[in-house]
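**Student:** attaching a predicted model along with its sequence, questions to come.
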Amino acid sequence: MFRFSCLVFFLCFTFSSGSVSGYGDNDTVPHSARLLSQYIRHASVTGRERMAGLYFSTVARQKGFHVEILTDEPDSYNFTASLYPLDMGKPNIVFLNHIDVVPAGGNGEYTHPPFSGMIADGKVWGRGAIDNKGMAVMQLLALVEFLEVAAEIDLPFNVTMLSVSGEETGGHTGAKIVTNEFLDLLNPVVVYGEGGAGIPKVLKRDPENKVFGVSVTFKRSLWLELSLQMNTSGHGSVPPSSYVVQDKVQSLNRITERNRKVVFSETTRNMFYELGVLEGGFRGLALRNLRLFRPLVVSAMKREEIIYSLISNTVTITAINTPKGPPNIIPQEIMAVLDCRLLPESNTNEFIAKISKLMGNSELEINILHEEPKVPPTRVDDYYFYLKEALQRVYPGSGVVPIMAPASNDNNYFRSHGIPTYGLLPVFIPVYLLETIHNVDERIPVDALEKGLAVYRELIDVLIGSDYGDKALPISEK
Ligand SMILES: [Zn+2]
């Protein structure tokens, strides 16, 4: 993987001299697309963010932002670009993004090389186009428009774009450092990071309507290693009634075939309620009244794997190993790894006890390989509604729904400090393009980039209030 991505990186910079095609006149390409194209060309696979970070922070400084570097680790680069210097201590509205990208990967069948930043067919192509450099460009360019305002009027709050390292591998070199060491300096009152997006075909009644999912909580991962030892003397030609491989496979079957208990947390209840409001009709009525229609709703939700995983704890078997040996010798031990994803309110010990009971073998040893800490969900508050208003200004008539993300990201470092954190790529984008994230041919339409920029612009506008007055006050008082 590493060698491959290096090769692609080399080819991009050797052979890709011009990076715009499909536009008759280069002048018609918006600044946002050109900036994103350049940012993508500064490849920044996790652990090698520094050059890209230096490039983007230099752009920010040249545009007139107050820039601070928030790290002293050699393998990471985190920086802020703010309307006011951080040391003024103003309450801070933070726009979060990450510098790092995943390796090129894939089988090499790219339409345009993954670090070329090619602008073609009305899209910007390459690693990070959606995840997450496109978002950084939207945030920075939206903020540029308020530099003058901030200089003329002493706003009661700061707005900061925060770019961090290491998101793709757990945030240890990025958001973790920022929240552990620089939180007082940053002084965030709200964080808008990545998360959901706007997608079509959510509503049965009106499939063309855009619905934006803003993540307010997440399912946390719990990785378990299950090991079992059994002294079975034997030869594969005469199978004993019980031996580790057979026992383990049978008990793993019991886990994956179990009837997963459905739990509606406060977040999923809100999510289905809001969807029910948008949906209307009988389906909407059922979604708004889950208790009343539970049997009907639950059996329908269980048929949709994504929905079912949002209302239950899941287990995926990701490894089964036995010590290497000849094919006719029965092994004495076996190990399996489970990737479990727990609902926010689930208790780890109770969950492990349930797994252990289902496995039904007293000799079984269960070790926790990794567990994400419990983080309280962000409650829907004023900052959510500011975002909703901004979205609806740019996409009139669209729906906005608070959601639970199936996996965690940097947002949780801020949530764990009690800071309201909302996750959304403020872009309406077809699912087939979202599927290019971490995949070949990652790309974002230039139009979506411009619309996302407009959402951040409107969000700041909503925050400031049209008369720079009353609307801004509740924030400074919080
Ligand atoms: Zn990301």
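**Tutor:** Received the coordinates, thanks.

**Student:** am I right that G126 is in contact with M118?
**Tutor:** Yes - contact criterion CB atoms under 8 Å: G126 and M118 qualify, at 6.8 Å. (Each C-beta comes from the backbone N, C-alpha and C, glycine too.)

**Student:** and these two? Which one has more around it.
**Tutor:** G126 (30 against 27; other CB atoms under 10 Å).

**Student:** which residues does the more buried one contact?
**Tutor:** Contact analysis of G126 by CB atoms under 8 Å, 6 or more residues apart in numbering lists S37, I40, R41, H112, P113, P114, F115, S116, G117, M118, E442, R443.

**Student:** check I403 too.
**Tutor:** Counting by CB under 8 Å, 6+ apart, I403 has contacts G195, G196, G213, V214, S215, V216, T267, M271.

**Student:** if I look at the closest residue to T111 other than its chain neighbours, how far off is the ion?
**Tutor:** Leaving aside its sequence neighbours, T111 sits nearest to D441 (CB to CB, 6 or more residues apart in numbering; 5.3 Å). Distance, D441 to the ion, by CB to the ion, to the nearest Å: 17 Å.

**Student:** looking at D441 now. What's its pLDDT?
**Tutor:** On the pLDDT scale, D441 is placed at 95.

**Student:** then the one 4 residues further on?
**Tutor:** As predicted, P445 sits at a pLDDT of 97.

**Student:** and for it, the neighbour number?
**Tutor:** Neighbour tally, P445, other CB under 10 Å: 20.

**Student:** pick out the residue in the stretch 151-300 of the chain sitting closest to the ion.
**Tutor:** Here the residue of the stretch 151-300 of the chain nearest the ion is E194; by CB to the ion that distance is 5.0 Å.

**Student:** list the contacts of that residue.
**Tutor:** L96, N97, H98, D131, N132, M135, N409, D410, N411, G423, L424, L425.

**Student:** which parts of the biggest helix by length in the chain are buried?
**Tutor:** Taking DSSP state H as the criterion, the chain has its longest helix at helix 446-464. By neighbour count with 16 or more other CB atoms under 10 Å, helix 446-464 contains the buried residues 446, 448-464.

**Student:** the stretch 201-350 of the chain: strands as residue ranges?
**Tutor:** 211-218, 220-229, 314-321, 333-342 (DSSP state E, counting those that start in this stretch).

**Student:** pLDDT of the biggest strand by length in the chain, averaged?
**Tutor:** Using DSSP state E to define each element, the chain has its longest strand at strand 188-199. For strand 188-199, mean pLDDT rounds to 92.

**Student:** again with stretch 151-166
**Tutor:** The model assigns stretch 151-166 a mean pLDDT of 95.

**Student:** the chain should start at 46 in everything you say after this.
**Tutor:** Okay, residue one is now 46; in that scheme the one you just asked about reads as stretch 196-211.

**Student:** does the ion sit close to it?
**Tutor:** No - Stretch 196-211 lies apart from the ion when judged by CB under 5 Å from the ion; the minimum separation is 10.6 Å.

**Student:** end-to-end on that stretch?
**Tutor:** 33 Å (CA to CA, to the nearest Å).

**Student:** name the residues of that stretch that are buried.
**Tutor:** So stretch 196-211, judged by 16+ other CB under 10 Å, has buried residues L200, P201, F202, N203, V204, T205, M206, L207, S208, V209, S210, G211.

**Student:** for those, please prepare a markdown table with the additional fields secondary structure and distance to G109.
**Tutor:** Converted to a markdown table, these look like this (DSSP: H, G, I helix; E, B strand; the rest coil; distance: CB to CB, whole Å):
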| residue | secondary structure | distance to G109 |
| --- | --- | --- |
| L200 | coil | 15 |
| P201 | coil | 21 |
| F202 | coil | 18 |
| N203 | strand | 14 |
| V204 | strand | 13 |
| T205 | strand | 14 |
| M206 | strand | 13 |
| L207 | strand | 18 |
| S208 | strand | 17 |
| V209 | strand | 22 |
| S210 | coil | 24 |
| G211 | coil | 28 |
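
**Student:** quick check: chain neighbours aside, which residue is closest to the most centrally placed residue in the chain?
**Tutor:** Geometric centre of the chain, nearest residue: G240, 4.2 Å, by CA atoms, centre = their mean. Nearest residue to G240 in three dimensions, chain neighbours excluded: G468, at 1.9 Å (CB to CB, 6+ apart).

**Student:** wasn't the one you found part of a strand?
**Tutor:** Yes - when classified by DSSP: H, G, I helix; E, B strand; the rest coil, G468 is found to be part of a strand.

**Student:** what about it, distance to the ion?
**Tutor:** Distance from G468 to the ion, by CB to the ion: 10 Å.

**Student:** beta-bridge partners for that residue, please?
**Tutor:** On the basis of DSSP bridges, G468 is bridged to G238, S260.

**Student:** residue contacts, it?
**Tutor:** Here G468 is in contact with G238, E239, G240, G241, V259, S260, V261, A450, N454, N456 (CB under 8 Å, 6+ apart).

**Student:** residue contacts, the residue of the chain positioned farthest from its centre?
**Tutor:** Taking CA atoms, centre = their mean, the residue of the chain most remote from its mean C-alpha position is V283, at 51.1 Å. By CB under 8 Å, 6+ apart, the contact set of V283 is empty.

**Student:** just the pLDDT for it.
**Tutor:** Value for V283, per-residue pLDDT: 77.

**Student:** now do Y84
**Tutor:** 98.

**Student:** ok but it is inside a strand, no?
**Tutor:** No - secondary structure assignment places Y84 outside any strand; it is helix (three-state DSSP).

**Student:** skipping its backbone neighbours, what lies nearest it in space?
**Tutor:** Using CB to CB, 6+ apart and skipping residues adjacent in sequence, the residue nearest Y84 is K178, 4.8 Å away.

**Student:** backbone phi and psi for that neighbour, please?
**Tutor:** phi -70, psi -30 (degrees, to the nearest 10).

**Student:** please apply the same query to the one 4 residues further on.
**Tutor:** V182 adopts backbone torsions of phi -60, psi -40, taken as degrees, to the nearest 10.

**Student:** for it, list the residues it contacts.
**Tutor:** Applying CB under 8 Å, 6+ apart, the residues contacting V182 are S77, L80, L81, Y84, L494, L498.

**Student:** can you tell me how far the residue nearest to G240 is from L248?
**Tutor:** Applying CB to CB, to the nearest Å, the value for G468 to L248 is 21 Å.

**Student:** equivalent analysis for E395, please.
**Tutor:** Applying CB to CB, the value for E395 to L248 is 36 Å.

**Student:** more neighbours: those two, which one.
**Tutor:** Set E395 next to L248 and count neighbours by other CB under 10 Å: L248 wins out with 18 against 9.

**Student:** gap between the more buried one and K255?
**Tutor:** With the distance defined as CB to CB, L248 ends up 10 Å from K255.

**Student:** and this structure, which residues reach the ion?
**Tutor:** D176, N177, E239.

**Student:** residues contacting the first one?
**Tutor:** Taking CB under 8 Å, 6+ apart as the contact definition, D176 lies against V146, V147, E239, I482, H483, E487.

**Student:** same deal with L478?
**Tutor:** Listed by CB under 8 Å, 6+ apart, the contact set of L478 reads I175, R488, I489, P490.

**Student:** using a markdown table, lay out those residues together with distance to Q437.
**Tutor:** Listed next are the contacts of L478 as a markdown table, based on distance: CB to CB, whole Å:
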| residue | distance to Q437 |
| --- | --- |
| I175 | 22 |
| R488 | 26 |
| I489 | 22 |
| P490 | 20 |
